[in-house]
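Peer 1: For reference, the sequence and a predicted model appear below.
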Amino acid sequence: MPCDRFLEINPGRLPTGRVLPVEGTAMDFRAGKSVGADIDANDPQLHYARGYDHCYVTGAKPGELRKIALVEDSVSGLSMEVETDLPGVQFYTANFLPVQKGKGGVPYGPRCALCLETEAFPDSIHHPDFPQCVFDPGETYRAETVYRFFT
């Protein structure tokens, strides 16, 4: 993820209003790394969410798609690329997923998956410095996100 900033969260996992740099932290995915490489780092941000559950600042502008993520699985050879024109992407590592059986009876539980959810900044209504996403009646809202999958 080329994102160089993320939204700090409080113990309740809500944004504090502070936008922090990823550089030098477990939150830095700019050069690419395994999702699990730093997930258990001694970082309050990771402790609050039991892993990653943070909004990253994409730097995208409305109406202009920007590549914000590339996920690659070296075992299967599958890749996913994400582009968006939204200001944020929530990176979530299924930290609170209850154990359940999937296809073929395979158990899935916490940290067995990841989500990249493009979005406006969470709780922006309470943070005037965040890009706002409140619209008046009759106003048109438009956003675009593209997920591409490769083998």
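Peer 2: Here it is on my side, so go on.
Peer 1: Could you look up the SS state of the residue nearest in space to the middle of the chain?
Peer 2: Taking CA atoms, centre = their mean, the centroid of the chain lies closest to F91, which sits 2.0 Å from it. Put simply, F91 is strand when judged by DSSP: H, G, I helix; E, B strand; the rest coil.
Peer 1: Surely it and E119 touch.
Peer 2: No - judged on CB atoms under 8 Å, F91 makes no contact with E119 at a distance of 10.9 Å. All C-beta atoms are positioned from the backbone trio N, CA, C, and that covers glycine.
Peer 1: Give the residues shared as contacts by the two.
Peer 2: Contact criterion CB atoms under 8 Å, 6 or more residues apart in numbering; residues shared by F91 and E119: C55.
Peer 1: Which residues are in contact with the residue lying closest to the residue nearest to the centre of the chain once chain neighbours are set aside?
Peer 2: Residue nearest to F91 in three dimensions, not counting chain neighbours: Y52, with 5.0 Å by CB to CB, 6 or more residues apart in numbering. Each residue near Y52 by CB under 8 Å, 6+ apart is listed here: M27, V35, I39, L46, F91, Y92, T93, N95, L114.
Peer 1: at 10 Å instead, please
Peer 2: Contact analysis of Y52 by CB atoms under 10 Å, 6 or more residues apart in numbering lists 6, 26-27, 29, 35, 38-39, 45-46, 90-95, 111, 114-115.
Peer 1: Please indicate which of those residues are buried?
Peer 2: 6, 26-27, 29, 38-39, 45-46, 90-94, 111 (16 or more other CB atoms under 10 Å).
Peer 1: Helices of the protein, start to end?
Peer 2: 44-49 (DSSP state H).
Peer 1: related to what we said a few turns ago, mind putting the buried ones among the contacts of Y52 in CSV, distance to G17 and pLDDT included?
Peer 2: Output for the buried ones among the contacts of Y52, formatted as CSV (distance: CB to CB, whole Å; pLDDT from 0 to 100):
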residue, distance to G17, pLDDT
F6, 13, 98
A26, 21, 98
M27, 17, 98
F29, 23, 98
D38, 24, 98
I39, 25, 98
Q45, 14, 98
L46, 20, 98
Q90, 17, 98
F91, 19, 98
Y92, 20, 98
T93, 24, 97
A94, 26, 96
R111, 28, 96
